[in-house]
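Novice: take this sequence and fold it.
(one chain, ligands or ions: 1)
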Amino acid sequence: MHKKRIFSGVQPTGNLHLGNYLGAIQNFVNLQNKFECIYCVVDLHAITNRQNPKELKSNTLETIASFIASGLNVEKNIIFNQASVSAHSELAWIFNCVARIGWMNRMTQFKEKAGKNKENASVGLLVYPNLMAADILIYKATHVPVGEDQKQHLELTRDIAKKFNNDFNCQDFFPIVEPLISNEMARVMSLRDGKKKMSKSEDSDFSRINLKDGKDLIDQKIRKAKTDNDPIPEQLSGLKNRYEAANLISIYASINNIEVSKVLDEFGGKNFSTFKSKLSESVVEKICPIGNEITKLLKDKSYLNGILEKGAKKAELIAKNNLKEIYNIVGLTKYI
Ligand code: AQP
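Specialist: Alright, predicted model coming up:
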């Protein structure tokens, strides 16, 4: 039996958005009072696509600031960046040798991110899920709060853990992790296309609400968000195949912590302009205080760097101990 321990990560690839918040970070905050939690800025994942080094450093601090501004307690949780704890990369190499190429080729995120030019994608992008498995298993974490887009990678983490435990005849050494995916907002969709997920790397800034967006910009983005010509339905079944409408209604439900059916009770039969102004109000009320806090925190870089340093030391202690055991199991000798 493994002690319940939470691990999750966020890439420092730009402004965090409402999808990151409702799909993942809000869940991180809820879990912090119940379990031991480790939250990581996964900068090594970020470089699987080309990053500007200067921007990567400032995005790392901004991601930490976003964690804290969203309500993560820096004393209670271990908060650090991935590159500071080299055991992640060391275990990832071992997992590169455990996982099979066929497993990597099936990953939909690789297919989506590599696009048509697969041959030109970095090798890192292909083996990204092995590093993600290492991030989690180096701490023997048991539960991982993520958005639904990461579910396939977590299934792969389970497969890697099972194969390692089997190959090296050490049953139950690595836990078989459980995803914690929020039911309502597992996948927040783009404001421009209800079939695509909201994402930092999408070209149009109007496709997402960033945590640092101000009131006027949020109002404008929601006003311009794509919908259809029909009024809001009164029944859940009326949202079928209406991807943009369903997305906006789910966002409203999630922010106000109510069921989608309750939103339909309130707005069913009304047109979208009335609903959109209420949605704007709710988003502004939730997001703007976080954005203001991020801006405030970013003024004190040494405070943020101090948190990363302290977190890395705590993470390193757990990771190093586990890595020692793993090297021993695999038959690797580490002299220092
Ligand atoms: N649209 C989303 N809806 C729900 N959850 C989401 N997450 C991301 N987008 C949505 C969740 O946020 C956590 C951190 O994600 P990430 O930044 O590490 O990487 P990502 O999933 O690739 O997010 P982006 O915004 O799409 O980044 P880019 O554009 O850089 O690739 C994860 O738990 C994720 O599930």
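
Novice: give the closest residue to residue 108 in space, chain neighbours not counted.
Specialist: residue 152 (6.1 Å; Cβ to Cβ, 6 or more residues apart in numbering). Glycine gets a C-beta too; all of them are placed from N, C-alpha and C.

Novice: check which helices and strands the helix or strand hosting the one you found is in contact with.
Specialist: Element membership for residue 152, per DSSP states H and E: helix 151-167. When contacts are defined as 3 or more Cβ pairs under 8 Å, 6 or more residues apart in numbering; DSSP states H and E, helix 151-167 sits against helix 87-98, helix 108-114, helix 123-137.

Novice: which residues touch residue 224?
Specialist: Contacts for residue 224 (Cβ atoms under 8 Å, 6 or more residues apart in numbering) come out as 191, 206.

Novice: gap between it and residue 200?
Specialist: 19 Å (Cβ to Cβ, to the nearest Å).

Novice: repeat for residue 253
Specialist: 23 Å.

Novice: next one: residue 12
Specialist: To residue 200, residue 12 is 10 Å away according to Cβ to Cβ.

Novice: okay, those two: which has more neighbours?
Specialist: Shown here are residue 12 and residue 200; by other Cβ atoms under 10 Å, residue 12 has more neighbours (27 against 17).

Novice: could you say which helix or strand holds that one?
Specialist: Assigned by DSSP H and E, residue 12 falls within no helix or strand.

Novice: low-confidence ranges in this protein?
Specialist: 184-185 (pLDDT under 70).

Novice: picking that back up, common neighbours of residue 12 and residue 200, please.
Specialist: Residues touching both residue 12 and residue 200 (Cβ under 8 Å, 6+ apart): there are none.

Novice: helix, strand, or coil at the closest residue to residue 40 other than its chain neighbours?
Specialist: Once flanking residues are discounted, residue 40 sits nearest to residue 9: 4.2 Å by Cβ to Cβ, 6+ apart. At residue 9 the chain is in strand, as set by DSSP: H, G, I helix; E, B strand; the rest coil.

Novice: neighbours of residue 9, how many?
Specialist: Residue 9: 25 neighbours (other Cβ under 10 Å).

Novice: ditto for residue 220
Specialist: 14.

Novice: could you look up the SS state of it?
Specialist: helix.

Novice: ok, now how distant is it from residue 260?
Specialist: 25 Å.

Novice: equivalent analysis for residue 97, please.
Specialist: Applying Cβ to Cβ to residue 97 and residue 260 gives a distance of 45 Å.

Novice: check which residues of the helix holding residue 152 are buried.
Specialist: Judged by neighbour count using 16 or more other Cβ atoms under 10 Å, the buried positions of helix 151-167 are 153, 154, 156, 157, 158, 159, 160, 161, 163, 164, 165.

Novice: pull the residues that contact that helix.
Specialist: Identification of contacts with helix 151-167 by Cβ under 8 Å, 6+ apart yields 94-95, 98-99, 103, 107-109, 128-130, 132-133, 136-137, 144, 146, 170-177, 179, 181.

Novice: how big is the angle separating the lengthiest helix in the chain from helix 87-98?
Specialist: Assignment by DSSP state H gives helix 301-330 as the longest helix of the chain. Per axes from the mean of the first three to the mean of the last three Cα atoms, to 10 degrees, the angle that helix 301-330 makes with helix 87-98 is 40 degrees.

Novice: could you check the angle helix 301-330 makes with helix 123-137?
Specialist: Using the same axes, to 10 degrees, helix 301-330 lies at 90 degrees relative to helix 123-137.

Novice: name the helices or strands packed onto helix 301-330?
Specialist: By 3+ Cβ pairs under 8 Å, 6+ apart, helix 301-330 packs against strand 36-41, helix 53-70, strand 78-81, helix 87-98.

Novice: next secondary structure element downstream of the last one?
Specialist: Secondary structure here is assigned by DSSP H and E; on that basis, the next helix or strand after helix 87-98 toward the C-terminus is helix 101-105.

Novice: buried ones in that following helix?
Specialist: Under 16+ other Cβ under 10 Å, the buried positions of helix 101-105 are 103, 104.

Novice: contacts for that helix?
Specialist: So helix 101-105 is in contact with 110, 126, 127, 129, 130, 156, 159, going by Cβ under 8 Å, 6+ apart.
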